[in-house]
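Asker: Can you look at this prediction? I've put the sequence above it.
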Amino acid sequence: MDGPERFEAAIAADEKIEPGDWMPEGYRQTLIRQIAQHAHSEVIGMQPEGNWITRAPTLKRKAILIAKVQDEAGHGLYLYSAAETLGVSRDELVRLLHEGKQKYSSIFNYPTLTWADIGAIGWLVDGAAITNQVALTRTSYGPYARAMVRICKEESFHQRQGYEIMLALCRGTPEQKAMAQDALDRYWWPALMMFGPHDSESVHSEQSMKWKIKRVSNDELRQQFVDATVPQAEYLGLTIPDPDLKWNPERGHYDFGEIDWDEFWRVVKGDGPMNRERMAHKLAAWENGAWVREAAVAYANKRAARSA
Ligand code: FAQ
């Protein structure tokens with residue numbers, strides 16, 4: 001079998017495509033785009049939660065939050081490494097992000113106004129991320145699928161710590177419970193937007209599903225997330241801010257209202273509440289860290305020269 005035939009046979013047989021294998025250029029480019037966007041999301045995603053490290057309510061909460069934020073940096077690194085197996089460098093991907101030519105998830109363009117937002121992010125944002133990423137553990141590209149397995153284990157802990165923050169607030173004073181409700185009110189719809197446009201509007205889905213890069217569609221994943229999350233909100237005694245949310249016994253799923261797609265596209269195109277701040281912070285961190293990168297390269301060169 002030649003390269004293209006072998007590729008098609010491997011996809012049909014649910015086998016993984018590995019870095020040295022022949023692959024269509026479109027497959028490679030789609031993976032680079034998606035994995036890079038995913039990696040950038042993990043890195044930019046450290047900002048909203050990092051905002052609360054100095055103000056976490058107890059030492060224990062602070063230690064947990066620091067560990068979580070560090071995990072997100074680690075996820076970014078696994079993902080950049082997975083992308084590098086496709087023939088791009090991490091520096092190139094970071095440059096594309098900084099020039100606004102690659103994206104990161106819309107969700108990280110919303111502010112974290114109260115401590116309850118840290119609970120809502122763990123519960124809803126990590127919850128949505130896991131729903132998507134569990135499906136991606138079966139993606140056809142080997143290095144991406146393997147990165148997902150490890151990331152999902154960590155996201156699962158993140159989701160639980162967020163839910164536990166919400167539980168503590170909901171069992172606390174009326175003011176604390178109101179804070180939890182307010183965080184849910186602000187984060188519910190942006191969390192649903194994480195799954196991307198409706199399948200009928202999704203540019204890449206059809207081809208990505210054929211290549212088994214995506215295994216479950218945007219709308220199906222969103223539905224899975226809603227179905228899993230509604231009972232969790234009920235257990236907390238919180239109300240999901242959607243008057244159209246209702247169990248549909250015929251479908252065996254919750255029906256839910258329409259996302260504000262104008263808001264979604266505004267945020268994706270750079271005009272969300274925090275887009276400018278997130279990128280400005282990212283660029284400043286990159287510039288301020290230049291001396292560390294230079295020192296690391298100089299050290300590596302010196303060691304290499306010594307051992308030569
Ligand atoms: N935000 O044709 P589709 C995390 C873009 S989890 C921004 O449907 P596709 C963990 C899309 O790129 C978050 N842009 O695209 C964490 C495309 O534009 P393009 C990251 C979005 O790729 C938790 C256009 O719209 N997870 O970070 C969004 O087939 C807590 C048309 O869309 C992943 O990235 C959006 N929400 O499906 C970290 C998962 N949705 O590229 C810290 C992997 C769509 O042509 C704290 N990615 N767009 O210019 C995926 O599964 C897919 O890429 C989708 C989009 C489902 C996001």
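Answerer: Cool, the structure landed.
Asker: close enough to count as contact, V230 and K246?
Answerer: No - with contact defined as CB atoms under 8 Å, V230 does not count as touching K246 (9.8 Å). Glycine gets a C-beta too; all of them are placed from N, C-alpha and C.
Asker: Compare those two and say which one has the larger neighbour count.
Answerer: Looking at V230 and K246 with other CB atoms under 10 Å, you find the greater number of neighbours at V230, namely 18 against 11.
Asker: give the contact list for that one.
Answerer: Residues near V230 by CB atoms under 8 Å, 6 or more residues apart in numbering: I240, L245, Y254.
Asker: quick one: is the helix or strand harbouring it near the ligand?
Answerer: Using DSSP states H and E, V230 sits in helix 218-236. Yes - Helix 218-236 is in contact with the ligand by CB under 6 Å from any ligand atom, via N218.
Asker: Check the model's average confidence along that helix for me.
Answerer: Mean per-residue pLDDT for helix 218-236: 98.
Asker: from the contacts of V230, which are also near the ligand?
Answerer: Okay, of those, nothing touches the ligand (CB under 6 Å from any ligand atom).
Asker: returning to that earlier point: overlap in contacts of V230 and K246?
Answerer: Counting by CB under 8 Å, 6+ apart, the residues touching both V230 and K246 are Y254.
Asker: Which residue lies closest in space to E155, excluding its sequence neighbours?
Answerer: I130 (4.6 Å; CB to CB, 6 or more residues apart in numbering).
Asker: Which positions in the stretch 201-308 of the chain make contact with the ligand?
Answerer: Counting by CB under 6 Å from any ligand atom, the residues of the stretch 201-308 of the chain near the ligand are S202, V203, H204, S205, S208, K214, N218, V268.
Asker: Next, the second one: secondary structure please.
Answerer: Three-state assignment for V203 (DSSP: H, G, I helix; E, B strand; the rest coil): coil.
Asker: And the strands in the stretch 201-308 of the chain?
Answerer: 246-248, 253-255 (DSSP state E, counting those that start in this stretch).
Asker: Could you dump those strands into CSV with mean pLDDT added?
Answerer: What follows is those, written out as CSV (pLDDT from 0 to 100):
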stretch, mean pLDDT
strand 246-248, 98
strand 253-255, 98
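Asker: most tightly surrounded among the ones you listed?
Answerer: Compared across the strands of the stretch 201-308 of the chain, strand 253-255 shows the largest average neighbour count, a mean of 16 (mean count of other CB atoms under 10 Å).
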